[in-house]
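K.L.:
the sequence and its predicted three-dimensional model are supplied below.
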Amino acid sequence: MSTGQRTGSIEVRHLRAFLAVADEGSVTRAATRLRVTQPVVSRTLAALERHLGVRLVDRSTHHLALTAEGVAFRAKAAAAVAAFDEALAPGRPRDRPLRLGHAWSAFGPYTTPLLRTWQQRHPETPLELLRIDDRTAGLTRGEVDAALLRGPVNTPGLVTEVLFTEVRVAAVAADGPLAAHASLSLTDLTGGAVVLNTVSGATTLDLWPPGARPSATLTVANTDDWLTAIAAGRGCGVSGDSTAQMHPHAGVTYVPLDDAPPLPVLLARRDGPGHPALPRLAELAREIVAREQRDRP
């Protein structure tokens with residue numbers, strides 16, 4: 001596409017539509033998230049591409065993928081949307097709530113100490129913990145100021161810091177044969193299906209060696225569906241130890257995994273100016289982890 005094809009004006013809705021498609025990998029799912037029709041998303045995305053003079057999305061496959069230009073533009077679009085939302089936030093910047101996203105398990109065992117200590121020290125800035133089911137817990141979409149994420153995060157435009165690591169556990173049906181084991185190995189899980197949360201989960205088939213992967217997989221979109229599928233005996237799952245503490249389920253037993261690598265827990269933010277309280281959040285998160293680990297029996 002040539003730059004001579006640029007027409008019309010671009011609004012923040014164009015950027016939101018592009019980011020939704022980038023996050024969801026599907027125009028249909030992006031339309032559902034934005035609460036508009038699929039043709040509206042397609043037209044909005046096409047208008048943005050015409051204005052920029054480049055293709056942002058490769059439409060040649062069933063699962064949409066970003067082009068190289070789309071990958072580069074994604075970080076800029078996310079930053080622009082975040083800046084727009086921040087500019088329109090009501091009240092003075094220091095009084096605006098600090099929005100902390102997570103997709104599952106939040107800050108694990110440190111969640112309550114973090115929230116309580118923040119309230120004591122910074123009552124003028126409410127800390128809002130929001131569960132948002134996508135890989136960056138709403139961070140790239142501008143819905144939160146920072147996010148607690150697990151596993152590797154390679155999204156352009158984000159800055160991450162590892163706060164702690166947690167051991168992995170197997171999640172199995174409480175009435176199944178694996179629930180009676182004191183511990184399990186990854187190989188023990190390959191005889192049946194493995195349930196994978198492909199939207200916000202940190203477990204993929206890459207956790208297993210290429211020649212020893214599970215015989216089948218079942219994909220879900222959030223932690224609730226993941227637990228339901230496991231409790232129903234449709235497969236087993238792998239997660240961090242915080243999941244056992246934050247998401248107990250009568251139909252699911254969590255069993256330690258002997259040979260799985262630890263899972264990093266990250267604090268992520270967008271690269272560039274953000275909420276003025278972000279440095280204080282990072283400092284307190286580090287302090288809470290150090291204190292709790294020091295005092296742990």
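P.N.:
Everything's here; your move. It should be emphasised that the depicted structure is a prediction, and the values quoted were computed from it without experimental measurement.

K.L.:
for stretch 71-87, buried residues please.
P.N.:
73-75, 77-83 (16 or more other CB atoms under 10 Å). (C-beta placed from N, C-alpha, C; glycine too.)

K.L.:
the stretch 1-150 of the chain: helices as residue ranges?
P.N.:
For the stretch 1-150 of the chain, helices defined by DSSP state H, counting those that start in this stretch occupy the ranges 12-24, 27-34, 38-52, 68-87, 111-121.

K.L.:
what mean pLDDT does the second one have?
P.N.:
The reference is to helix 27-34. Regarding helix 27-34, the rounded mean pLDDT is 85.

K.L.:
circling back: got TSV for the helices of the stretch 1-150 of the chain, with distance to Asp259 too?
P.N.:
Formatted as TSV, the helices of the stretch 1-150 of the chain follow (distance: least, CB to CB, whole Å):
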stretch	distance to Asp259
helix 12-24	33
helix 27-34	35
helix 38-52	43
helix 68-87	34
helix 111-121	28
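
K.L.:
so which of the ones you listed is nearest Pro276?
P.N.:
Nearest to Pro276, of all those, is helix 68-87, at 10.2 Å by CB to CB.

K.L.:
Ala20 against Arg33, yeah?
P.N.:
Yes: if you go by CB atoms under 8 Å, Ala20 and Arg33 touch, sitting 5.3 Å apart.

K.L.:
need the pLDDT of the residue nearest to Ala202 when sequence neighbours are not counted.
P.N.:
Of all residues not flanking Ala202 in the chain, Gly151 sits nearest, at 3.0 Å (CB to CB, 6 or more residues apart in numbering). What the model reports as pLDDT for Gly151 is 91.

K.L.:
check the gap between Gly151 and Leu48 for me.
P.N.:
Applying CB to CB, to the nearest Å, the value for Gly151 to Leu48 is 30 Å.

K.L.:
of the two, who's got more company?
P.N.:
Leu48 (22 against 16; other CB atoms under 10 Å).

K.L.:
which non-adjacent residue is nearest the more buried one?
P.N.:
Leaving aside its chain neighbours, Leu48 sits nearest to His14 (4.3 Å; criterion: CB to CB, 6+ apart).

K.L.:
so who does that neighbour touch?
P.N.:
44-45, 47-48, 51 (CB atoms under 8 Å, 6 or more residues apart in numbering).

K.L.:
if I look at it, how far off is Ala20?
P.N.:
According to CB to CB, His14 and Ala20 sit 11 Å apart.

K.L.:
also Val195?
P.N.:
For Val195 relative to Ala20 (CB to CB), the value is 26 Å.

K.L.:
Asp241 now?
P.N.:
Distance, Asp241 to Ala20, by CB to CB: 33 Å.

K.L.:
so which of those two has more stuff around it?
P.N.:
With neighbours defined as other CB under 10 Å, Asp241 and Ala20 compare such that Ala20 has more, 23 against 20.

K.L.:
where does pLDDT dip in the protein?
P.N.:
For the chain, applying pLDDT under 70 flags the ranges 1-8, 61-63, 86, 89-95, 297.

K.L.:
which ones are touching the residue lying closest to Ala65 once chain neighbours are set aside?
P.N.:
Excluding its sequence neighbours, the residue lying closest to Ala65 (CB to CB, 6+ apart) is Asp58, at 4.8 Å. Residues in contact with Asp58 (CB under 8 Å, 6+ apart) are 64-67, 70.
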